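>>> sequence and predicted model, in that order:
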There are 2 protein chains.
Amino acid sequence: MIDKWRIEENVFSEKTSGKHEALMTLGNGYMGIRAGFEEEYAGQKRGFFIAGTYNRAGLNEVAELPNAADITAFEIIIDNERFSLLKGKIHEYNFTLDMKTGELKRELVWENTGNKKFKMIFRRFVSLENRHLVCSKVSIEALDEDSNVKIKTGVDGRQTNSGVQHFHEMEKRVYDDKFIQYVQRTTESNIDMYLNTFLHINPVLEKSFTIERRKLLAEITGVIRKKEILEIEKISLVYTSVDKEFINKDINIGEYSLDKIRELKDSRYNELFHSSSESWNNFWEKSEINIESSDEFDNFAVNFSLYHMQIMTPFHDNRFSVGAKGLTGEGYKGHVFWDTEIFMLPFFLYTNPETAKQLLEYRYGNLDEARKKAASKNCRGALFPWESAFDGKEETPEFAAINIKTGKANRVWSAEKEIHIVADIAYAVIEYFHVTGDTEFMKSAGLEILAECSEFWVSRAEIDSKTGKYVIKDVIGPDEYTEHIDNNTYTNYMAEYTVSETAKLLESFENKKDKIYLKLAEKLGLEEKIPLFRDFAANIYLPEPAETGIIPQDDTFLSKKIIDISRYADSDSKQGILKDYTRDEVVDMQVLKQADLVMFLYFFKDKFDKDIIRKNWNYYESKTIHDSSLSMAIHAITALYFGEKETAYKCFQKACLIDLGPNPHSSDDGIHAASLGAVWLTCIKGFGGISENGGMLNIEPVLPDNWEKLEFPLVFRKKAFRIKIDKKSVELFSESNDILEIFINKQKYELKDYLRVLY
Amino acid sequence: MIDKWRIEENVFSEKTSGKHEALMTLGNGYMGIRAGFEEEYAGQKRGFFIAGTYNRAGLNEVAELPNAADITAFEIIIDNERFSLLKGKIHEYNFTLDMKTGELKRELVWENTGNKKFKMIFRRFVSLENRHLVCSKVSIEALDEDSNVKIKTGVDGRQTNSGVQHFHEMEKRVYDDKFIQYVQRTTESNIDMYLNTFLHINPVLEKSFTIERRKLLAEITGVIRKKEILEIEKISLVYTSVDKEFINKDINIGEYSLDKIRELKDSRYNELFHSSSESWNNFWEKSEINIESSDEFDNFAVNFSLYHMQIMTPFHDNRFSVGAKGLTGEGYKGHVFWDTEIFMLPFFLYTNPETAKQLLEYRYGNLDEARKKAASKNCRGALFPWESAFDGKEETPEFAAINIKTGKANRVWSAEKEIHIVADIAYAVIEYFHVTGDTEFMKSAGLEILAECSEFWVSRAEIDSKTGKYVIKDVIGPDEYTEHIDNNTYTNYMAEYTVSETAKLLESFENKKDKIYLKLAEKLGLEEKIPLFRDFAANIYLPEPAETGIIPQDDTFLSKKIIDISRYADSDSKQGILKDYTRDEVVDMQVLKQADLVMFLYFFKDKFDKDIIRKNWNYYESKTIHDSSLSMAIHAITALYFGEKETAYKCFQKACLIDLGPNPHSSDDGIHAASLGAVWLTCIKGFGGISENGGMLNIEPVLPDNWEKLEFPLVFRKKAFRIKIDKKSVELFSESNDILEIFINKQKYELKDYLRVLY
């Protein structure tokens, strides 16, 4: 029986530690704390990541999110024996993340090697109400006899990113015989982190403080009487010198944060947790999806996606964006990819558009760096980095993991060639405007992004001397197993879309003669540019289906060798094909890592009939290994375009298993953020049939057979409403009286407070 | 029953891991590898230190010996379960370091949680024959059923010094599908380390290589048949860019070390171990002490001392010296103190004088830095650093561990004030010359050290306006609980000894009119200096016993407050007094951390009669907490000066327990090198009664009641011989026919090949 709100383990196992640490991460967009156990185990990977605190550790390292000092560990010694579940016996065990409230809880009965039993409860949350706050509570009950305990907890600055230390140790102090303050500074970016913590201990035991290199711990010693419960609450506040509230302010953060923790001196776990869970409640009210499915797992997986989208997204600060692993692990070093705009942003756009705007503002804030990158490639406009961190500089490592035999590292061409990211960001800006109608954002940021992206395409393309068409040569499309190709269909169409929509939008703003717009137009020389954009959009080469109906992925793809990929596509081990073939060999085959032409179909389905979509889907899917987590959900959605709702459902379920599947190591380095966004996409844009067309909302739902009902909230053009879809009807409920025109199954309706449409 | 060659554990316990890791360290002076288990445990502290590879990690850190990439770990997975002795059942267990051969061996029978039993043997040695070589051998026998195994081992560069990462990761490669090469570079000193390793696997199983961040591992997969033994031998070679053989040579160390490991491709564990154990045999022949005691522990403790002296001392390279923890832990960061010259060097001087010479050459190599330090304090001559590392710069941290409550760090004054190190080094040079008669060394290095040390004293002392005597103000003596004092008796006498002996030696060399000497004399202006030295020696203030017979430790000590220290002196927790009193308060009490006036008696006993020595010993010992490991053995030796051989024996046994006692954490940060040297001193200079007087050997033995016999080798004035002492006689055996004049119990004898003297 699956509880759709609970990620649970009922058996203790070391093997799954990497998985539960990532999946059960707590967070609030400001910070993420992996669900490492309080007690230490070999192979455990604690992780504590704070958004935007990137640091470059030194030679041969790119900037990454550093693993901050640990505040979650408790060393528990009972009767002179270190508590570890590898020893003694476990009589009861439950480890749960409650996604509804954001609390992690472990309850167990442990019998030590001296045959004494103890009931232990470990609780922990990261506050969604106060983003700096982390609380833990440890309860130990001696079930059989009085027992000696010694418990150590505090701040441990020995954490590294897989052996890479990002911090200098600065001050460590105890104030008022109570409050620990530990300060560390990143080695290159000079970001200070202030970790403040204190304990409530009940009943009162002897407490002292011990100091070691990079550690400052409180040590609690005493006796727990039989049937007595020892409770230790640990309340911690974390601040950094890049926190928004300190920008351009002359604040001593050490003193400030000490004042803040002193203010909490009488606060208790339960009340602080209550405040945080209220914030979680607000979130779910705005975002919850209800699925009535014969398989409870579906709704659980969707909740899991939404939970993680919420904890990974720095909605407090538009200088940061979402890393490919959120704040759940070291994978991809906290870097921001196209994943954010294409896979995650829509969730926010349709539920919490303010956050979507902030994510786009992150790109706007880094527009100058993108301009510099374009210039460095002899282009105009803006070329956004393939991997972005604090300041929008290109952070993609130049070389991938080396071939351990040849010692040669594979050159990573993404930073140079995977330029579709420019169109992806532009697409998100356009979609944002269509869905919100936010002209203020467009004038202050959106139009400038669009104009610079379009300018990039115009300057990057060249004119083919034979056809007179604009062509885009030597790129990598979404499929990263195909490199250095010309006229990638996805890229060319997305470029065309960017440039033509930009031209359209600019003209519509021009017509309004708005002062801010005119200033921008002058700054960017738009008057001269719009005709160039028009020309580009009209004359770019857009590949068409061949006689067979197959649309070429690029100029040469269809002429490459075809191999049987079944042994790789069904494999648990990612990138297994690279053990049999060199990367160069794979590039010369019709083998896809992930959706590419299918990704193109996702955006441009309206240009083709069902039959063409089906043919291409089948052709390309059979050549796709799905070695990227971005692949399966897009296949799900696009299968719906030719009516294959059960294929779509299967793909959806596979997409849900990317993190939630049985492979114990799938998520060791962190969850797959884009894939979680894509689960939302599959539900809402796929089965829910939500799309927008130039600012109009369309609903064309197709529920899989397993599903009786799908219900979700939506915000469109500032109007918030709920949608209930079942096998017979679509119902819409709104508390506002504004009128919104909607197309449901291509029929136009007006939504005020209620609307029901039968199929 | 104690085996005097074996450090053994017969019960597996996590609690002792810090202790056995340090005590059972393997090494050869070039490198030291802590005895961490092959399989990982929480709280384990692997350590791999290579002499001389100091690095400064960054802000707020002093130079230290970095923890190199690990080559000892084996992750063993049997039937999909990670092997850990915390799980399942242990049926047999023995973990032994054989000090005779330098091999670490663990034999056990483990029953996994699936009730299948496995016999496992883990062997490991660091070669004493080829200092770059480390070998391991893992044997697994499936006792009950066929079993699946997966074993991962290779090089793991994630090691840190308590969270401080000292290395950049450089290249990692596999050559010939066999040899792993992992290269890392220290972050500041730019020292490259090359770790090369490969495996022999029998029977042949499937092998592949996996790469992770800072890791390169071989992965062995397959089935062990019932009753079959899987054997994996791992042969590793370690080189660094500061290795002596590469100095000023244009050698590609990566290629060089790869060639070297390729040469070993057919070598096997047993034969390589045989070569190393032969070198150990040679060592023991030159150094072994035989004690017939009613307590076997005595001889075991002495072997333990000698074993560690051998593995901690870089006898291959005179650019390095011995750290206060040898190569067994992070404690004192690998820094060199006076410990080396006063506590450890005599062992080498009397058994292997070539090594003693090299240790002095280390100081000579850093004489210029010592001159600079003296100049920076407005003195002339040489002021050696209190803590020394690679280049002889002062490495003492300016502040000690902070007071966590006030946030104020205690200023460490040792670098400024503990100037007795200048006399300690000079003392060792003089002793070296007396014992060896090595005039070449004196001309090339020794005299220059002495002249510069003497020059320092002359410049550092001032003339007291009342008495007209030289006085030495504001110093710290050996007792570090007493700071900023004038005329520390130990310091003043040692200064006098340095300067007067220097003058004497210089004059004796002057008389020979040797060309090299004359050049040196000109360089240093000795003609003018010798009279100054004479004047200083004649006129320095040397405190005398007061009417009570007590010699003051310094000008003010005897006027300070006396407290009862019994609760601190008997305590296991070091520096417990600092929990009750501030450091400043302790400075104002008659409380000693360690031998100071008693240390003075150790060197100058001949100046006082037994009664005075007894009185002072009793007075000061009752005020000494022995919070330093340098204290107890010196008390043992000096108790013999007034005939208290049983007190001496008790002190000796306590000194032996500093590392070997029951406290499981005494040696977590490494063994106590000086205390181990002092165990040798107590045996040979104490009970054996060995001393030298201006180049003449004296033997005045006093065996404790428990001992029937004491037998040891000695080298004096190039003549090697063995000494057997029992309750009735002293016997000497030599294989050379050179004649050596010896005083035994103040009678003069001539030793040729044999001599026996009855008491």
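Received the coordinates, thanks.
>>> who's in contact with the closest residue to residue A:225 other than its chain neighbours?
The spatial neighbour of residue A:225 that comes closest, neighbours along the chain excluded (Cβ to Cβ, 6 or more residues apart in numbering or on different chains), is residue A:146 at 5.3 Å. (C-beta placed from N, C-alpha, C; glycine too.) For residue A:146, the residues meeting the contact criterion (Cβ atoms under 8 Å, 6 or more residues apart in numbering or on different chains) are A:223, A:224, A:225, A:226.
>>> against chain B, how distant is residue A:399?
Distance of residue A:399 to chain B, computed by Cβ to the nearest Cβ, to the nearest Å: 12 Å.
>>> tell me which element the closest residue to residue A:727 other than its chain neighbours is part of?
The shortest distance from residue A:727 to any residue that is not its chain neighbour, by Cβ to Cβ, 6+ apart, is 6.4 Å, and that residue is residue A:703. Element membership for residue A:703, per DSSP states H and E: none, as it lies in no helix or strand.
>>> kindly report the same for the one 5 residues further on.
Using DSSP H and E, the element containing residue A:708 is strand A:707-716.
>>> beyond that strand, next helix or strand please.
According to DSSP H and E, the helix or strand after strand A:707-716 is strand A:719-726.
>>> give me the angle between that following strand and strand A:707-716.
Relative orientation of strand A:719-726 versus strand A:707-716 (axes from the mean of the first three to the mean of the last three Cα atoms, to 10 degrees): 170 degrees.
>>> tell me the buried residues in the helix or strand just after strand A:719-726?
The first helix or strand that comes after strand A:719-726 along the chain, using DSSP H and E, is strand A:729-734. When neighbours are counted by 16 or more other Cβ atoms under 10 Å in any protein chain shown, the buried residues of strand A:729-734 are found to be A:730, A:732, A:733, A:734.
>>> same question for stretch A:372-389.
Of the residues in stretch A:372-389, those with enough neighbours to count as buried (16+ other Cβ under 10 Å) are A:373-374, A:379-389.
>>> with adjacent residues omitted, what lies nearest to residue A:37?
The shortest distance from residue A:37 to any residue other than its chain neighbours is 6.8 Å, reached at residue A:44 (Cβ to Cβ, 6+ apart).
>>> tell me the pLDDT of that neighbour.
What the model reports for residue A:44 is a pLDDT of 91.
>>> thinking again about what came up before, from the buried residues of stretch A:372-389, which land in helices?
Judged by DSSP state H, the subset of the buried residues of stretch A:372-389 located in helices is A:373, A:374.
>>> determine which two of the buried residues of stretch A:372-389 are furthest apart.
When the buried residues of stretch A:372-389 are compared pair by pair using Cβ to Cβ, the farthest-apart members prove to be A:380 and A:389, with a separation of 24.5 Å.
>>> circling back: now rank the contacts of residue A:146 by neighbours and give me the top one.
Counting neighbours by other Cβ atoms under 10 Å in any protein chain shown, the top entry in the contacts of residue A:146 is residue A:224, with 20 neighbours.
>>> which phi and psi values does that residue adopt?
Recorded main-chain torsions at residue A:224 are phi -100, psi 120, according to degrees, to the nearest 10.
>>> so it touches residue A:143, yeah?
No - between residue A:224 and residue A:143 there is no contact under Cβ atoms under 8 Å: 10.3 Å.
>>> related to what we said a few turns ago, closest to residue B:722 out of the contacts of residue A:146?
Using Cβ to Cβ, the shortest approach to residue B:722 within those belongs to residue A:223, at 58.1 Å.
>>> so where is the stretch 151-300 of chain A shaky, pLDDT-wise?
Within the stretch 151-300 of chain A, no stretch falls below the threshold (pLDDT under 70).
>>> can you give me the helices for it?
With helices called from DSSP state H, counting those that start in this stretch, the stretch 151-300 of chain A shows them at A:253-263, A:269-287, A:297-312.
>>> pick the one among the buried residues of stretch A:372-389 closest to chain B.
Minimum separation from chain B among the buried residues of stretch A:372-389 (Cβ to the nearest Cβ) is found for residue A:387, which lies at 16.4 Å.
>>> read off the pLDDT value for the closest residue to residue A:591 other than its chain neighbours.
The shortest distance from residue A:591 to any non-neighbouring residue, by Cβ to Cβ, 6+ apart, is to residue A:481 (5.5 Å). pLDDT for residue A:481: 93.
>>> let me see the contact set for residue A:481.
Neighbour list for residue A:481: A:577, A:586, A:587, A:589, A:591, A:592, A:593, A:625, A:627 [criterion: Cβ under 8 Å, 6+ apart].
>>> now these as a markdown table including neighbour count and secondary structure?
Compiled in a markdown table, the contacts of residue A:481 are given as follows (neighbours: other Cβ atoms under 10 Å in any protein chain shown; DSSP: H, G, I helix; E, B strand; the rest coil):
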| residue | neighbour count | secondary structure |
| --- | --- | --- |
| A:577 | 23 | helix |
| A:586 | 21 | helix |
| A:587 | 17 | helix |
| A:589 | 18 | strand |
| A:591 | 24 | coil |
| A:592 | 29 | strand |
| A:593 | 22 | coil |
| A:625 | 24 | coil |
| A:627 | 22 | coil |
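>>> identify whichever of the helices of the stretch 151-300 of chain A lies nearest to chain B.
Among these, helix A:253-263 sits nearest to chain B (Cβ to the nearest Cβ), with 10.0 Å.
>>> who's in contact with the strand holding residue A:708?
Outside strand A:707-716, the residues within contact range by Cβ under 8 Å, 6+ apart are A:285-293, A:298, A:350-353, A:435, A:683-684, A:687-688, A:690, A:692, A:697, A:701, A:703, A:720-727, A:740.
>>> what residues does the stretch 51-200 of chain A put near chain B?
Taking Cβ under 8 Å from any Cβ of the partner chain as the measure of proximity, the stretch 51-200 of chain A contacts chain B at A:57-61, A:80, A:82, A:84, A:86-87, A:157-165, A:168-175, A:177, A:185, A:187.
>>> give me the neighbour count for residue A:277.
Residues near residue A:277, counting by other Cβ under 10 Å, number 19.
>>> for the nearest residue to residue A:342 once chain neighbours are set aside, give me its contacts.
Once its chain neighbours are removed from consideration, residue A:342 has its nearest residue in residue A:424; the separation is 5.1 Å (Cβ to Cβ, 6+ apart). Residues in contact with residue A:424, defined by Cβ under 8 Å, 6+ apart, are A:338, A:341, A:342, A:494.
>>> just the buried ones from those residues?
Neighbour-count burial (16+ other Cβ under 10 Å) applied to these gives A:338, A:341, A:342, A:494.
>>> show me what contacts the first one?
For residue A:338, the contacting residues are A:386, A:420, A:421, A:424, A:425, taking Cβ under 8 Å, 6+ apart as the criterion.
>>> so what does the residue nearest to residue A:727 look like in phi/psi?
The phi/psi pair for residue A:703 (degrees, to the nearest 10) reads phi -80, psi 140.
>>> residue A:560 too?
Residue A:560 has phi and psi values of phi -80, psi 170 when expressed as degrees, to the nearest 10.
>>> show me where the stretch 351-500 of chain A has its strands.
With strands called from DSSP state E, counting those that start in this stretch, the stretch 351-500 of chain A shows them at A:399-402, A:409-411, A:462-463, A:470-471.
>>> need the winner for burial among these.
Mean neighbour count, computed with mean count of other Cβ atoms under 10 Å in any protein chain shown, is highest for strand A:470-471 among the strands of the stretch 351-500 of chain A, reaching a mean of 20.
>>> gap between that strand and the chain center?
Taking the mean of its C-alpha atoms, strand A:470-471 sits 34 Å from the chain's own mean (Cα atoms, centre = their mean, to the nearest Å).
>>> equivalent analysis for stretch A:641-661, please.
If you compare the mean C-alpha spot of stretch A:641-661 with that of the full chain, they lie 20 Å apart, counting by Cα atoms, centre = their mean.
>>> give the buried residues for that stretch.
Residues of stretch A:641-661 classed as buried: A:641-642, A:644-645, A:647-660 (neighbour count, 16+ other Cβ under 10 Å).
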